[in-house]
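Q: A predicted structure for the sequence below; I have some questions about it.
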Protein chains: 2
Amino acid sequence: MGDKNHKTRSVTIKDVAREAGVSYSMVSRVLNDYEHVKSDKRQRVLEAMQRLGYTVNLQARTLAGGRSQVIGLVVHDLGNPYTAQVVQSIDEELSLAGYELILHTTHAHFQKEAVYVDMLTHGMTDGLLMLIPLGSTAYLEQLRARRFPYVIIADYQAFDDFSPMVTNVNWQGAYEATCLLINHGHRRIGFLAGRADFRSARERLDAYEKALQKHDIPLQPELIQPGNYQYSGGYHGTMSLLDLDVPPTAILATNDTSALGAYDAARGRGLRIPDDLSVIGFDDIPQSAYVHPALTTVRQPLVEMGRQAAQLLLKYIEDPEQSVVRIILPAELVIRDSVCQAPSR
Amino acid sequence: MGDKNHKTRSVTIKDVAREAGVSYSMVSRVLNDYEHVKSDKRQRVLEAMQRLGYTVNLQARTLAGGRSQVIGLVVHDLGNPYTAQVVQSIDEELSLAGYELILHTTHAHFQKEAVYVDMLTHGMTDGLLMLIPLGSTAYLEQLRARRFPYVIIADYQAFDDFSPMVTNVNWQGAYEATCLLINHGHRRIGFLAGRADFRSARERLDAYEKALQKHDIPLQPELIQPGNYQYSGGYHGTMSLLDLDVPPTAILATNDTSALGAYDAARGRGLRIPDDLSVIGFDDIPQSAYVHPALTTVRQPLVEMGRQAAQLLLKYIEDPEQSVVRIILPAELVIRDSVCQAPSR
DNA sequence: ACCATGATTGAAAACGTTTGCAAAAGACTA
DNA sequence: TAGTCTTTTGCAAACGTTTTCAATCATGGT
C-alpha cells in the first residue's frame, strides 16, 4: 500500500520461523549448525529458508555477538603494483577462509588513520590488517589493550615490539644490490628514490649510502633523484640523471615500476641496457622477467607477505591471547640481464 | 576479574550519557547533529565522548535504520591493472563522500556471486557496484525489486535494459584499431585474444573479424592466439605468431599488458617495433605512453568509468526511485608510435 | 509404571544504535 | 497568573540476530 520510498523489509529469521512452524531460536540454531536439532525440523527450516529466499543479516549477527566474517584492511594507496599485489594475495587467502575484506585507503591523510581504525574495529570487523608506510603507534596501543586482533605488514624495520607483524627486510636487499653494481666496477650509481615520507624509501636510500661508504665511494647528491614509486618518476628521474655532465653508468631504482621508467628513458636517448647503463629494480613484479633485457631486481616476497599476514591474523582471531609473532621474510637478489661491467673510462 | 578470553566491552552511548549526565538519546542526537539540543548539553556530551574515547558502532547504527556508509564492490579479479585502475578511481571518489568500500572478489566462481551479493546487500552496505565480466541477471532482478541501489560497470554491450550502468563501447575501438592497421597496408594481422569467457574479449574479437571482412581480407584462424589479458599471455602468444611460416606484420592485442608482452617477445627475437612489427594495445595504461616506442592503443576511460559509476550510485542512494540511467563512455584510439606501414613484400 | 537422564525446544534478554511519542521546561501572549 | 506555543528532553520500542535458561519431550533402566 502506497509505500513510495519504503524499502521493502527483508525476510527475517522470524518469517522463516513462522513459515516452518517453529520458534525463531530454532532457525538461528539451524543457521549456526547447532548439534541438538531434530533432523525433520532442520529440514523444515531449511526448506522455509529456501522458499522465502532468506539471507542472514550480518550486522545483526555481529551485534548479537557473532563473528562478522569481515576483515579490515588499511592501505595507503591502491595505485601501485606493490600494494595491489599484496592486497590481492591477502584477498585470496582470506576468501579461502570465508572472509570478506573491507578496504580503507588513507590517501596519505595520516591524521584520519586513527579515526578509521576505530570505526573498523568497533563492530565492523573481526580483525585488522595494516599495510601502511608510516604509522603513529598511538592507536595500536588501544587495539592491543582491547585485545583486538591485528597484524601489521611492513617493508621496513620494526618500530614497535608489541605488534604482530610480517616484515620484509629490504634494507639488506638494497645493500646487496648496490654492492653488486660496485663489484661490477660502477662508481657513479644513480639512485631513483621513493617517496621521502615512506620509511621503506628512507631505508633503501640509507642502504645505498652505507654500501657506497663501505667501498669508499664518495656520495654525490646529484645522483640521487627524488621519486614517487611510479613509472613517471622513474622516467623523469632517469632523464635528469642522463642530463648530468657526467651521467651515471648504473641506476638503482627503488622499485621495478620506476626501473621500467628508467628503461624507457634510456631507450628514448638511444642508450642500450645494460651496455650503456646498468639498471637494478626492486620488487620483482611479473613483468620484470619478461622485459628485454630481463631486469635484475630485488625480489620482495609480496605474495608470501600477504599470505602469511592473513594466516597470522586468522590465528589471532581464533585465539587473541596468543603470543606476539613476528615473521621476517628476506628480500632476495634476482640476477638477470640488466647489469654488466661498467664501461672503462 | 579473571576474564581470560573476554573482549573488553567498548564504550557505548550509555556510558557517554552517564558521564555527561544526560539521557542516552541525547547523545544520539548530538551524534547525528540534531537541531534541538541546547548548546551547553551538546558541549557536555562532546566532552564526555572525548574523555571516554567513544566511537560509534556502525553495525548497531545500521541495524537501527541509519546508513552504513559502506559500499559493496564486487570484482572479478584484483590482479589486472584494468580492474585495479577502476577500483582505485572508485575508491577515491567514494572516500571523498565519506564511504568505505567492502570488496568481494569472485575469483571467477560465478555460482557464488548471487550468495555474496545477497550478503552484501542485506544490511552490510548502502549500495553496490559491480565490475564483473559475466553476469547472470537473476539476482539483479531481486535487487531491483528490493529497490536496492546498484550500478553495473561493464566494458561490453548492455545485456540488461533495467540496470543502471556505466559502459564503455569498446567494440568500436577494436574495430577502428583494426581498420588503422589495414589502412597501413597490413594484411596479416595477429590477434592476441582475451579470456574467452569474457564478454569484452568476445566483442573485441568480433570487431576484429568484422573489420577484416569489411575489407575483404580472409580470416586466418592461426593468427588468433588465445590469451588471458596478462603479460605472459601476450608474450607467449606473440612467440607463437612469430613462429608461423608466414608471421603477421602487425598485432592487435586485447589489452596493453599483453601488448607489452608482445613488445618484449619481439625484442627477444631481435625484431624492431614498429619497423618489423606494428602493435596496437587496448586500455592506455600509464606505461603505454612511456614505453619505447610509445604504444598506439585504444584508450578505455577507466578512471572516468570509476568516477561516474561511483557518482551515479551515490545519486541512487540519495533517491532510489530515480529513473534508470545509462552512461556510455566512448573508447578512443590513441595514435602513438607503434604502428607504421606494412613492409612491402 | 516410574524416575533419571539427556536430547530438544521456546521465551526472553542481550548487543548499541535510531527515532516516534509524550512529558517537561521555557518563552511568549493576553 | 493562566494559557498557549515552541524547544528541549527522556522513555521505550524497534532493528535482526545470538545465547542463556528453564521447560518440555523422549528414552531407557529398573
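A: Everything's here; your move.
Q: can you pull out the low-pLDDT segments for chain A?
A: Scanning chain A for pLDDT under 70 picks out A:1-9, A:108, A:133-136, A:157-159, A:345.
Q: what does it put close to DNA strand C?
A: Proximity of chain A to DNA strand C (CB under 7 Å from any atom of the strand) is limited to residues A:22-26, A:29, A:35-38, A:41, A:60, A:63-65, A:123. Heads up, the C-betas are built off the backbone N, CA and C, glycines and all.
Q: tell me the buried residues within those residues.
A: Buried members of the residues of chain A next to DNA strand C, counted by 16 or more other CB atoms under 10 Å in any protein chain shown: A:22, A:26, A:29, A:37, A:41, A:60, A:63, A:123.
Q: which residues touch the fifth one?
A: By CB atoms under 8 Å, 6 or more residues apart in numbering or on different chains, residue A:41 lies in contact with A:20, A:22, A:26, A:30.
Q: tell me the gap between stretch A:145-153 and the middle of its chain.
A: 16 Å (CA atoms, centre = their mean, to the nearest Å).
Q: what sits against residue A:177?
A: A:252, A:280, A:282, A:298, A:333.
Q: strands paired with the helix or strand the third one falls within, and their directions?
A: Residue A:282 belongs to strand A:278-283 when elements are defined using DSSP states H and E. For strand A:278-283, the pairing partners within the sheet under DSSP bridges are strand A:250-253 (parallel), strand A:296-299 (parallel).
Q: now stretch A:51-62: buried residues?
A: Buried residues in stretch A:51-62 (16+ other CB under 10 Å): A:52, A:54-62.
Q: most widely separated two among the residues of chain A next to DNA strand C?
A: The two members of the residues of chain A next to DNA strand C with the most space between them (CB to CB) are A:38 and A:123, at 34.2 Å.
Q: follow-up on the earlier one: just the ones of the contacts of residue A:41 in helices?
A: A:20, A:26, A:30 (DSSP state H).
Q: need the contacts of residue A:177 in a markdown table (columns: distance to residue B:11 and neighbour count).
A: Shown next, in a markdown table, are those (distance: CB to CB, whole Å; neighbours: other CB atoms under 10 Å in any protein chain shown):
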| residue | distance to residue B:11 | neighbour count |
| --- | --- | --- |
| A:252 | 49 | 31 |
| A:280 | 51 | 30 |
| A:282 | 44 | 31 |
| A:298 | 45 | 26 |
| A:333 | 50 | 18 |
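Q: doesn't residue A:82 fall inside a helix?
A: Yes: according to DSSP: H, G, I helix; E, B strand; the rest coil, residue A:82 belongs to a helix.
Q: list the beta-bridge partners for the closest residue in space to it that isn't next to it in sequence.
A: Spatial nearest neighbour of residue A:82, chain neighbours left out: residue A:283 (5.9 Å); criterion: CB to CB, 6 or more residues apart in numbering or on different chains. Beta-bridge partners recorded for residue A:283 (DSSP bridges): residue A:299.
Q: what's near enough to touch residue A:283?
A: Contacts of residue A:283 (CB under 8 Å, 6+ apart): A:81-82, A:255-257, A:297-300, A:302.
Q: swap in 6 Å and give it another go.
A: A:82, A:255-256, A:300 (CB atoms under 6 Å, 6 or more residues apart in numbering or on different chains).
Q: what number of residues lie near residue A:109?
A: 12 (other CB atoms under 10 Å in any protein chain shown).
Q: for residue A:102, helix, strand, or coil?
A: Under three-state DSSP, residue A:102 comes out as strand.
Q: hmm, residue B:104 and it touching each other?
A: No: because the distance of 10.1 Å does not satisfy CB atoms under 6 Å, residue A:102 is recorded as not touching residue B:104.
Q: how about the residue in the stretch 201-345 of chain A that DNA strand C sits nearest to: what's its closest non-neighbour residue?
A: Closest contact between the stretch 201-345 of chain A and DNA strand C, by CB to the nearest atom of the strand, is at residue A:320 (16.7 Å). Spatial nearest neighbour of residue A:320, chain neighbours left out: residue A:147 (4.7 Å); criterion: CB to CB, 6+ apart.
Q: residues touching the nearest residue to residue A:254 once chain neighbours are set aside, list them.
A: Spatial nearest neighbour of residue A:254, chain neighbours left out: residue A:194 (4.1 Å); criterion: CB to CB, 6+ apart. When contacts are counted by CB under 6 Å, 6+ apart, residue A:194 is found next to A:201, A:227, A:229, A:254.
Q: ditto for residue A:75
A: A:83, A:105, A:131.
Q: let me see the contact set for the second one.
A: For residue A:105, the set of contacting residues under the criterion of CB under 6 Å, 6+ apart consists of A:75, A:78, B:91.
Q: what subset of the residues you listed is also close to DNA strand D?
A: Of those, not one also sits near DNA strand D (CB under 7 Å from any atom of the strand).
Q: before we move on, back to that, quick one: which of the ones in helices among the contacts of residue A:41 is nearest DNA strand C?
A: residue A:26 (4.2 Å).
Q: could you measure from the closest one over to DNA strand D?
A: Using CB to the nearest atom of the strand, to the nearest Å, we find residue A:26 at a distance of 9 Å from DNA strand D.
Q: ok, of the contacts of residue A:194, which one's closest to residue A:247?
A: residue A:227 (17.1 Å).
Q: surely that closest one is within a strand?
A: No: looking at residue A:227 with three-state DSSP, it is coil, so not inside a strand.
Q: hang on, it packs against residue A:233?
A: Yes: under the criterion of CB under 6 Å, residue A:227 makes contact with residue A:233 at 3.9 Å.
Q: list residues touching both of those two?
A: With CB under 6 Å, 6+ apart as the test, residue A:227 and residue A:233 both reach residue A:258.
Q: how about the ones in helices among the contacts of residue A:41 in CSV, adding distance to residue B:118?
A: Output for the ones in helices among the contacts of residue A:41, formatted as CSV (distance: CB to CB, whole Å):
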residue, distance to residue B:118
A:20, 20
A:26, 22
A:30, 17
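Q: how far does whichever strand or helix holds residue A:328 sit from the chain's center?
A: Per DSSP H and E: residue A:328 is located in strand A:326-330. Its chain's average C-alpha position is 14 Å from that of strand A:326-330, according to CA atoms, centre = their mean.
Q: show me what it packs onto, helices and strands only.
A: Packing partners of strand A:326-330 (3 or more CB pairs under 6 Å, 6 or more residues apart in numbering or on different chains; DSSP states H and E): strand A:165-169.
Q: buried ones in the strand it packs on, by neighbour count?
A: A:165-169.
Q: show residues contacting stretch A:235-248.
A: A:188-190, A:192, A:223, A:225, A:227, A:261-262, A:265, A:269, B:290.
Q: got the residues of the stretch 1-150 of chain A near DNA strand D?
A: A:9-10, A:12-14, A:24-25, A:28-29, A:31-32, A:54-57, A:60-61, A:63-66.
Q: and these near chain B, which?
A: Filtering those for neighbours of chain B using CB under 6 Å from any CB of the partner chain leaves A:10, A:55, A:57, A:60, A:63.
Q: picking that back up, tell me the one of the contacts of residue A:41 nearest chain B?
A: residue A:30 (17.0 Å; CB to the nearest CB).
Q: let's have the contacts of residue A:105 in TSV, adding secondary structure.
A: Converted to TSV, the contacts of residue A:105 look like this (three-state DSSP):
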residue	secondary structure
A:75	strand
A:78	coil
B:91	helix
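Q: and residue A:82, how many neighbours does it have?
A: 21.
Q: so where do the helices sit in chain A?
A: A:13-20, A:24-31, A:39-52, A:58-63, A:81-96, A:113-119, A:138-145, A:170-183, A:199-214, A:231-242, A:256-268, A:302-318.
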